[in-house]
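A.B. asks: one predicted model, sequence on top.
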Amino acid sequence: MPELDISTKNCIVEQEGKTLIVTLNRPEAKNAFSPEMLLGMYKAWRRLEEDDGLMCAILTANGDTFCAGMDLKAGAEGHRSTEEFMELMGTVPNVHWQALLRDNRPNKPLILAVEGYALAGGTEILAGTDIRVAAEDATFGVTEVARGLYPMAGSSVRLPRQIPYCLAAEIVLLGRHITAQEALDWGLVNRLVPKGETLAEAKKIAEQIAQTGPLALRAITKSLRDIQTDVPEPEAMLMSDELANPVFASADAKEGMRAFKEKRPAKFTGQ
């Protein structure tokens, strides 16, 4: 697959069919965040949101560590930012939070493929994804507290909404490493696969997503993003109806029902 023009040295962005594949590419530093990595991720998520030909994205990494989070060695002295990243921050002040899926997540599914260690920001970005595949030997952990830091990418807020409170508290308050089996048992990831097979499994999930109706997919993803458990149910149902009504009025909805009746694959057009 050829790299897209939005790739950077530390973040490779490719397209395979209707799937955007975003690969963290700083293995020599355990894929710790850098300005060029954040720049590539930010551009990838905006491309995913804006390109109607894309249905989902896979986030993966090169090397034996998925992501070690913030570059603590550089962070202690201040990270040297690229000129393009600094210029972008002038117009998009929260560009780093958008890159890390804390703010302004695209309304299309995000699939995570984790091999090796995903610590600190490596686990924090996990909470911004939708479907998560991990290798059987993967390791997770929000370790900021052990360094006297705060998990600013959102773990103390998101994790209690995604898994039981006491388990989320254990993750963020103790900062200990969590095995892949624990992550599966706690509901932090969807499935485990043998080492080296996470990207292949993520692509299988992406292929299933690519067969769905684009309008329905975007609306359902937006519902997952916007209608959280703290919204009262009557209000949540009204918000859900607002998303559903345009979908049911679409040509795709009619095609989907017609295809079911005729026992054939649907041919969705996104209209």
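C.D. replies: Right, received. Where do you want to start? Note that the coordinates shown come from a computational prediction; the quantities given were computed from them, not determined experimentally. Numbers count the residues shown, from 1 in each chain.

A.B. asks: correct me, but Leu159 touches Glu170?
C.D. replies: No - with contacts defined as Cβ atoms under 8 Å, Leu159 does not count as touching Glu170, sitting 9.9 Å away. In this view, the C-beta of every residue, glycine as well, is placed from N, C-alpha and C.

A.B. asks: look at those two and report which has more neighbours.
C.D. replies: Leu159 (25 against 17; other Cβ atoms under 10 Å).

A.B. asks: residues contacting the more buried one?
C.D. replies: If a contact means Cβ atoms under 8 Å, 6 or more residues apart in numbering, then Leu159 has Ala127, Val142, Ala168, Ile171, Val172 as its contacts.

A.B. asks: that one: what secondary structure?
C.D. replies: Taken by DSSP: H, G, I helix; E, B strand; the rest coil, the conformation at Leu159 corresponds to helix.

A.B. asks: roughly how far apart are it and Gln15?
C.D. replies: For Leu159, the distance to Gln15 equals 31 Å [Cβ to Cβ, to the nearest Å].

A.B. asks: cool, and Asp130?
C.D. replies: 19 Å.

A.B. asks: Leu88 too?
C.D. replies: Here the criterion is Cβ to Cβ. By it, Leu88 lies 22 Å from Gln15.

A.B. asks: run through the stretch 51-200 of the chain and note the low-pLDDT ranges.
C.D. replies: Low-confidence segments of the stretch 51-200 of the chain, defined by pLDDT under 70, are located at 73-81.

A.B. asks: ranges for the strands of it?
C.D. replies: In the stretch 51-200 of the chain, strands defined by DSSP state E, counting those that start in this stretch lie at 56-61, 65-67, 110-114, 117-119, 131-135, 139-141, 178-179, 191-193, listed in chain order.

A.B. asks: contacting residues around Arg105?
C.D. replies: Shown in contact with Arg105 (Cβ under 8 Å, 6+ apart): Trp45, Gly128, Arg225.

A.B. asks: rerun that using 10 Å as the cut-off
C.D. replies: With contacts defined as Cβ atoms under 10 Å, 6 or more residues apart in numbering, the neighbours of Arg105 are Trp45, Leu48, Glu49, Gln98, Gly128, Thr129, Asp130, Thr221, Lys222, Leu224, Arg225.

A.B. asks: also Ala183?
C.D. replies: Listed by Cβ under 10 Å, 6+ apart, the contact set of Ala183 reads 114, 118, 123, 126, 132, 134, 138-141, 163, 171, 189-190, 192.

A.B. asks: of all those residues, which comes closest to Thr212?
C.D. replies: Distance to Thr212 across those (Cβ to Cβ) is lowest for Asn190, with 17.1 Å.

A.B. asks: so who does the closest one touch?
C.D. replies: Applying Cβ under 10 Å, 6+ apart to Asn190 gives the contacts Ile111, Leu112, Thr129, Asp130, Ile131, Arg132, Val133, Ala134, Ala183, Leu184, Glu201, Ile205.

A.B. asks: same list (those residues) but as JSON lines, adding distance to Ala259.
C.D. replies: Below are the contacts of Asn190 laid out as JSON lines (distance: Cβ to Cβ, whole Å):
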{"residue": "Ile111", "distance to Ala259": "25"}
{"residue": "Leu112", "distance to Ala259": "31"}
{"residue": "Thr129", "distance to Ala259": "30"}
{"residue": "Asp130", "distance to Ala259": "25"}
{"residue": "Ile131", "distance to Ala259": "25"}
{"residue": "Arg132", "distance to Ala259": "30"}
{"residue": "Val133", "distance to Ala259": "29"}
{"residue": "Ala134", "distance to Ala259": "35"}
{"residue": "Ala183", "distance to Ala259": "37"}
{"residue": "Leu184", "distance to Ala259": "35"}
{"residue": "Glu201", "distance to Ala259": "27"}
{"residue": "Ile205", "distance to Ala259": "22"}
